[in-house]
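**Student:** I'd like to go over a predicted model; first the sequence, then the structure.
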Amino acid sequence: MNILLVEDETRVADFIRRGLAAEGWSVDHVGDGEDALEHAAVNSYDVILLDLMLPGIQGQDVCRKLRARKSTTPILMLTALDSPEEKVSGLKMGADDYLTKPFDFDELIARVEALHRRAKGYETDVSETLITSGALTFDRASLQVSVEDQEIELSKKERDLLLLFLTNNGRVLSRERILNVVWGLNADPLTNVVDVYVGRLRRKIGPEGARIVTLRNVGYRMS
């Protein structure tokens, strides 16, 4: 998937860019509206992530100009402006979706994938409440985790981490992706908190912990 990220805050843009790249997606990043319009004119993108508060041409005007050019590329607006009026205004300008900051990174991924699916004409898969993998069972409704029918006590972060692994079974998850999803965009990218919590989770789920495989200099994968 090819994505255009339009975001002027360097730290936020870096987190988003690295997280999207970890999904295997190609990301072009620009920091203002003029560059966004230029890139959109000469490149083909599957989704555009558009911040509203930009230097020069504002995000609303970028969206309006893209639609005036008959561009049908899905646009997801990213902004700290969360009033219903702002959301309605953005959608009326031609945006396809709206996500307010701060946001859950996994939700961003899900929304990008949904926009891409919608543009390609196929439907979203329905998520199951009860996730079973090997001897592990995760009940999303009750937040209960069990191994071979024995309930396991996990902290919120440990549950979030396990859920991320279970919903991405067999996929490689970079440390950046895990950090963004479980700890949020403001987490220090140099921290070793991901490795610490993976170690805790492995111990708590017993033999099932061996299924969380470390990929040196890459991240983790649940087999």
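**Tutor:** Good, I have the coordinates. If you're wondering where the values come from, they're calculated on a predicted model, not measured in any experiment.
**Student:** hey, which helix or strand in the chain has the poorest pLDDT?
**Tutor:** Ranking every helix and strand in the chain by mean pLDDT, DSSP states H and E puts helix 84-92 at the bottom, with a mean of 70.
**Student:** what's whichever helix or strand comes after that helix packed up against?
**Tutor:** Downstream of helix 84-92, the next assigned helix or strand under DSSP states H and E is strand 97-100. Strand 97-100 sits against strand 75-79, helix 84-92, helix 105-120, with contacts defined as 3 or more C-beta pairs under 8 Å, 6 or more residues apart in numbering; DSSP states H and E. No exception for glycine: its C-beta is placed from N, CA and C like everyone else's.
**Student:** Give me the contacts around strand 97-100.
**Tutor:** 74-82, 87, 90-91, 107-108, 111, 114-115 (C-beta atoms under 8 Å, 6 or more residues apart in numbering).
**Student:** and those residues, which are buried?
**Tutor:** Buried members of the contacts of strand 97-100, scored by 16 or more other C-beta atoms under 10 Å, are 74-79, 81, 87, 90, 108, 111, 114-115.
**Student:** For the residues you listed, which two are the farthest from each other?
**Tutor:** L81 and A114 (21.8 Å; C-beta to C-beta).
**Student:** got a list of what G94 touches?
**Tutor:** Counting by C-beta under 8 Å, 6+ apart, G94 has contacts C63, R64, L66, R67, I75.
**Student:** Mind doing that once more with 10 Å?
**Tutor:** Shown in contact with G94 (C-beta atoms under 10 Å, 6 or more residues apart in numbering): Q60, C63, R64, K65, L66, R67, A68, S71, T72, I75, M77.
**Student:** same question for stretch 171-185, mean pLDDT?
**Tutor:** The average pLDDT for stretch 171-185 rounds to 81.
**Student:** Oops, could you answer that again for stretch 193-209 instead?
**Tutor:** On average, stretch 193-209 scores 94.
**Student:** CA atoms of it as PDB?
**Tutor:** What follows is stretch 193-209, C-alpha atoms only, in PDB (Å, rounded to 0.1, in the frame of the first residue of the first chain):
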ATOM      1  CA  VAL A 193       9.800  -1.400  27.800                       C
ATOM      2  CA  VAL A 194       8.600  -3.600  24.900                       C
ATOM      3  CA  ASP A 195      11.300  -6.300  25.600                       C
ATOM      4  CA  VAL A 196      10.600  -6.100  29.400                       C
ATOM      5  CA  TYR A 197       6.900  -6.700  28.900                       C
ATOM      6  CA  VAL A 198       7.300  -9.400  26.400                       C
ATOM      7  CA  GLY A 199       9.500 -11.200  28.900                       C
ATOM      8  CA  ARG A 200       6.800 -10.800  31.600                       C
ATOM      9  CA  LEU A 201       4.100 -12.000  29.300                       C
ATOM     10  CA  ARG A 202       6.100 -15.100  28.300                       C
ATOM     11  CA  ARG A 203       6.500 -16.100  31.900                       C
ATOM     12  CA  LYS A 204       2.900 -15.600  32.800                       C
ATOM     13  CA  ILE A 205       1.500 -17.700  30.000                       C
ATOM     14  CA  GLY A 206       3.900 -20.500  30.700                       C
ATOM     15  CA  PRO A 207       4.700 -23.000  27.800                       C
ATOM     16  CA  GLU A 208       2.600 -20.800  25.400                       C
ATOM     17  CA  GLY A 209       5.200 -18.100  25.900                       C
END
